[in-house]
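# Next input, structure requested:
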Amino acid sequence: DANDGLTPGTPLRTIEAGKDLMRDGMPDWLLLKRGTVFYDRIGSWDKSGRSASEPMIITGYGSNSARPRLLTGNETGIGIFSGDHVNNFVISGIHFEAHTYDGISNHIVGLLVLETGSNHLYEDCVFKNYTDNIVLQAGGVGLRNVVIRRTLVLDAFRVGVPWGKSQGMFASGVHGLLIEECIFDHNGWSEEHPSAPANIFSHNIYISNTCSDVVVRRSILTEASSHGLQLRPGGVITDNLVVRNPIGILAGGGDSPNSGGVTATVTGNIVLEGVDIGPGYPRGFGIDLKNLKSALVADNIVANKISATGGFFSIGKSVSGGPEGIGVRNTTIENNIIHNWRSPVYFNNNCLNVVVRNNVIQDPAIPDSRGLTNTYTTNPAEVSFSSNTYHSDTTDDEWFHIDWQAMPTQQWRTDFESSLELREIQFDEPSRSMGTYAGSLGLTATHDALMAQVRTQSRSNWRTEYSIDVLLTYFRNGFKESSP
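Model prediction:
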């Protein structure tokens, strides 16, 4: 630490000594040697950059392709605490991991921000094995203009009785939040700790009602304890791959729903293989809608539910608890493909001007007489259906339901949807999975084998075959209509 720390030949020994040289309000860089394992943490942080174009940066240096790896033990990786207003700040290419965390002794966080600030970028980082991997929780005017890009958020868990709440990411009081090309995998539970099972309170991403202007796009959200994504304040959810979550996506809702409802755009997502939370907690919901004053739900694929339990809808309203808010209003659900989910498009109450049109809804077998559609109302001003294409191998007198009561297909056509089509669409390979894609690359043909590779992505080790673009294309091609 007697070195000046200004060249690769004269580095400092400790992170703390490097922090001491950083000047608040200046565009200084704290550089950690790539490929190095530090049994250390950044700890408390209170310094800002000069401007959005001249931020303060923590990143790596050197020719090694591996990120600097901070093994933080049983402590928080980096924390911006009350009274420390940090602006114009970047962390890029750093691995944070709580390597001795046991889920019991401390509540620790990889990235913790508890104060107002602006212009934060967290890019190409790893946050792994904390109670909560990322917490952004600002009061007052909030935390503004935050970008989390190409970051891996992995394996958060907490031991608790009966349940320990644990999130891949929790955000509150953030205004202007972009989550882009990230990987959120296996957050909220741990198979290695019997007292940290999957539960209803833990999620990959949990965005609270106090946030605004949120966009989640082009990210991979897999194997959450409960929700792949809760976006309670509404926002934009587009081009995400959402796999093996008990509840794929929630748009709207919350314990304190936003007054007057929220808006949401849910487009281009692929939601696959819905699962149960665990014994006694059956699930398998695709896209859940709640407290929406307007929304577009379009061009999504919801397919191949794993959970054997019927009654858990593909797209509909509303599984998540809490107050009803204004229900679902002025919402168009169109051009989606729902295939082999074995549960209906479903509306239970309190809808106004919900339009369901031009969707493909087909299930080989519909369990428990749930139907392909199930709506509480016969009033088209509340929920209307038009030009959808339906098919199932079951008798068509079970395809359509009003308040769980089957309605013969001809009556549905006459009373509600004269423009419907009844035909099976043959897709090229609708059963594609993460496992089949792994097999096509020469890996073991399992979900876990593919995710093991996805979890090693980094800026310096970027492999396009594991990128979101290639994965989305692979699954979308499986749902191309076969040539006659």
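
# Compute the number of surrounding residues for residue 84.
In terms of burial, residue 84 registers 17 neighbours under the definition other C-beta atoms under 10 Å. Backbone N, C-alpha and C define where each C-beta goes, glycine included.

# and the residue lying closest to it once chain neighbours are set aside, what does it touch?
In space, not counting the residues next to it along the chain, residue 84 is nearest to residue 46; the distance is 3.7 Å by C-beta to C-beta, 6 or more residues apart in numbering. By C-beta atoms under 8 Å, 6 or more residues apart in numbering, the contact set of residue 46 is 24, 80-81, 84, 86.

# Equivalent analysis for residue 90, please.
Contacts here follow C-beta under 8 Å, 6+ apart; on that basis residue 90 touches 49, 55-59, 120-123.

# hang on, the earlier thing: which of the contacts of residue 46 scores worst on pLDDT?
Minimum pLDDT across these is recorded for residue 84, with 91.

# Walk me through which strands the helix or strand where residue 330 lies pairs with, and which way each runs.
Under DSSP states H and E, the secondary-structure element containing residue 330 is strand 328-334. Within its sheet, and counting by DSSP bridges, strand 328-334 is paired with strand 292-298 (parallel), strand 351-357 (parallel).

# Return the most buried member of those.
Comparing the strands paired with strand 328-334 on average neighbours per residue, with mean count of other C-beta atoms under 10 Å, the densest one is strand 292-298 at a mean of 21.

# pull the CA atoms of that one into PDB?
What follows is strand 292-298 as a C-alpha-only set of coordinates in PDB (Å, rounded to 0.1, in the frame of the first residue of the first chain):
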ATOM      1  CA  LEU A 292     -53.900  -2.200 -15.100                       C
ATOM      2  CA  LYS A 293     -55.500   0.900 -16.600                       C
ATOM      3  CA  SER A 294     -54.100  -0.100 -20.000                       C
ATOM      4  CA  ALA A 295     -51.900  -2.800 -21.400                       C
ATOM      5  CA  LEU A 296     -50.700  -4.500 -24.500                       C
ATOM      6  CA  VAL A 297     -49.900  -8.300 -24.200                       C
ATOM      7  CA  ALA A 298     -48.800  -9.300 -27.700                       C
END
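
# In this structure, which residue is most central in space?
Centroid-nearest residue in the chain, with C-alpha atoms, centre = their mean: residue 229, separated by 3.7 Å.

# how about the contacts of residue 46 in a markdown table, adding secondary structure and distance to residue 454?
Output for these, formatted as a markdown table (DSSP: H, G, I helix; E, B strand; the rest coil; distance: C-beta to C-beta, whole Å):
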| residue | secondary structure | distance to residue 454 |
| --- | --- | --- |
| 24 | coil | 38 |
| 80 | strand | 29 |
| 81 | coil | 33 |
| 84 | coil | 34 |
| 86 | strand | 31 |
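
# Using ChimeraX, define a selection of the buried residues within those.
Under the burial definition 16 or more other C-beta atoms under 10 Å, those of these that qualify are selected in ChimeraX by:
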select :80,84,86
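
# re earlier: out of the contacts of residue 90, give me the one that has the most neighbours.
Highest neighbour count within the contacts of residue 90, by other C-beta under 10 Å: residue 122, with 27 neighbours.

# how about the strands paired with strand 328-334 in a markdown table, adding mean pLDDT and distance to residue 375?
Formatted as a markdown table, the strands paired with strand 328-334 follow (pLDDT from 0 to 100; distance: least, C-beta to C-beta, whole Å):
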| stretch | mean pLDDT | distance to residue 375 |
| --- | --- | --- |
| strand 292-298 | 98 | 15 |
| strand 351-357 | 98 | 8 |
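
# got those strands as a markdown table, with distance to residue 206 columns?
Compiled in a markdown table, those are given as follows (distance: least, C-beta to C-beta, whole Å):
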| stretch | distance to residue 206 |
| --- | --- |
| strand 292-298 | 18 |
| strand 351-357 | 25 |
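
# among those strands, which is nearest residue 457?
Among the strands paired with strand 328-334, the nearest to residue 457 by C-beta to C-beta is strand 292-298 (28.6 Å).
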